[in-house]
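In: sharing a model prediction with you, sequence too.
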Amino acid sequence: MANTREIQSRIKSINDTRKITNAMYMVSSSKLQKARRDLSNTEPYFYMIQDSLAKILNIAPEAGNSYFDQRPQRSGKDRRSGYLVITADKGLAGAYNHNIIKAVQENATHDENDMLFVVGQVGMQYFEKRNIPIDINFHYTAQNPTIHRARHIAEKLVDLFLEEKIDDVYVIFTRMVNTMTVEPVVQKLLPLKLEHLQIRDKNNFYESAEFLPDAKTVFDSIMPSYIAGFIYGALIESYCSEHNSRMMAMQTATDAANDMIKSLGIQFNRARQAAITQEITEVIAGSRAQKNHN
């Protein structure tokens with residue numbers, strides 16, 4: 001059995017670790033709430049953009065031909081796909097990063113014509129270590145996602161699609177189902193399908209509107225904002241999922257530390273009692289030896 005000094009040292013070390021895990025839990029909780037507020041504040045704007053695009057298509061269906069082009073002439077190895085992968089910048093978030101990497105391995109074709117776009121240091125380091133080429137590495141952090149970053153990513157992806165350098169665009173991110181469950185999601189972003197754009201407000205004032213110079217130009221100018229909104233939502237969802245996973249991991253670590261401290265406390269009391277018993281035994285033995293000597 002370890003002596004009391006060794007047990008006290010272990011208790012102190014575990015207690016210091018527990019303070020760190022508890023602090024990380026509180027920080028992640030605060031960041032999660034902020035990210036949820038940011039998403040809820042911006043959702044109405046992007047819903048309005050989606051509604052506007054749907055109404056324009058309702059009046060002028062040919063306006064969005066370039067974004068709805070399925071390119072049936074390209075199939076098999078001739079078809080080129082682009083994958084936007086959103087990971088975290090650090091670990092200590094349970095299986096969050098592992099699940100995203102696994103989703104990439106299962107869904108990305110890894111064909112030499114495909115392109116890989118990465119957000120987050122974990123994903124970047126993973127692909128670099130395995131010599132998997134990254135076509136665009138968005139160097140800014142995955143923390144604190146902003147609409148400006150989403151617009152920058154959207155511009156790159158839209159340009160590659162319209163220039164026909166890629167035929168399909170997928171976003172691989174993590175969606176927070178509830179406070180206990182997060183799941184990796186592979187969402188096709190381009191080309192669009194009509195069911196992606198739903199009319200929310202039945203009052204279509206666009207029927208009496210005049211588009212200058214034409215409906216297609218108006219549609220093309222709005223469309224990047226819609227793509228940016230989707231990417232921003234994916235960034236926020238991933239950010240929320242990361243901190244939710246980290247909260248759960250830190251809570252589990254804190255609970256484990258509490259159990260270990262409780263167990264070590266019992267061991268400490270036993271060791272102290274054994275030491276006191278040993279001292280009493282030695283005193284009694286010494287006293288008896290002194291009496292026998294006299």
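Out: Perfect, thanks for sending it. Residues are numbered from 1 along each chain as shown.

In: what about the host helix or strand of residue 117, distance to the chain center?
Out: Per DSSP states H and E: residue 117 is located in strand 115-119. In terms of C-alpha atoms, centre = their mean, to the nearest Å, the centre of strand 115-119 is found 15 Å from the chain centre.

In: who are the packing partners of it?
Out: Counting contacts by 3 or more C-beta pairs under 8 Å, 6 or more residues apart in numbering; DSSP states H and E, strand 115-119 packs against strand 81-86, helix 121-129, strand 136-138, helix 147-162. For every residue, glycine as well, the C-beta is placed using N, CA and C.

In: any idea of the angle the last one forms with strand 115-119?
Out: Here the directions of helix 147-162 and strand 115-119 differ by 180 degrees (axes from the mean of the first three to the mean of the last three C-alpha atoms, to 10 degrees).

In: out of the helices and strands packed on strand 115-119, flag the one nearest residue 168.
Out: Residue 168 sits nearest to strand 81-86 of all the helices and strands packed on strand 115-119, at 4.4 Å, using C-beta to C-beta.

In: not counting its own residues, what contacts that closest one?
Out: Strand 81-86 is contacted by residues 100, 104, 107-109, 111, 114-120, 123, 135, 142, 153, 157, 160-161, 166-174, 189, 231, 234-235, 238 when judged by C-beta atoms under 8 Å, 6 or more residues apart in numbering.

In: what comes up buried for the strand holding residue 117?
Out: For strand 115-119, a neighbour-count test (16 or more other C-beta atoms under 10 Å) marks 115-119 as buried.

In: in three-state terms, label residue 242 for me.
Out: Of the three states, residue 242 takes helix according to DSSP: H, G, I helix; E, B strand; the rest coil.

In: can you report how many residues lie near the closest residue to it other than its chain neighbours?
Out: Computed as C-beta to C-beta, 6 or more residues apart in numbering, the closest residue to residue 242 that is not its neighbour in sequence is residue 88, at 4.8 Å. Residue 88 has 26 neighbours, counted by other C-beta atoms under 10 Å.

In: I'd like to know which elements the host helix or strand of residue 284 is packed against.
Out: Element membership of residue 284 [criterion: DSSP H and E] is helix 215-293. Applying 3+ C-beta pairs under 8 Å, 6+ apart, one finds that helix 215-293 contacts helix 4-59, helix 65-68, strand 81-86, helix 96-107, helix 147-162, strand 168-178, strand 181-190.

In: what's the average pLDDT for the fifth one?
Out: Read that as helix 147-162. For helix 147-162, mean pLDDT is 88.

In: what residues of it count as buried?
Out: Buried, per 16+ other C-beta under 10 Å, within helix 147-162: 147, 149-151, 153-154, 156-158, 160-161.

In: before we move on, back to that, residue 222: which of the helices and strands packed on strand 115-119 is closest?
Out: helix 147-162 (11.9 Å).

In: contacts for that closest one?
Out: 42, 66-67, 82, 84, 115, 117, 119, 136, 138, 140, 166-167, 169, 189-191, 223-225, 227-229, 231-232, 235.

In: centre of the chain to that helix, how far?
Out: Centroid separation between helix 147-162 and its chain, computed with C-alpha atoms, centre = their mean, is 19 Å.

In: ok, stretch 111-118 next?
Out: Distance, stretch centre to chain centre, for stretch 111-118: 21 Å (C-alpha atoms, centre = their mean).

In: I'd like the average pLDDT over it.
Out: 83.

In: sorry, back to before: just the pLDDT at the residue nearest to residue 242, thanks.
Out: With respect to pLDDT, residue 88 has a value of 87.

In: shaky segments in the stretch 1-150 of the chain?
Out: Within the stretch 1-150 of the chain, the stretches with pLDDT under 70 are 1-2, 109-110, 140-141.

In: quick revisit: name the SS class of the residue nearest to residue 242, please.
Out: Looking at residue 88 with three-state DSSP, the answer is coil.
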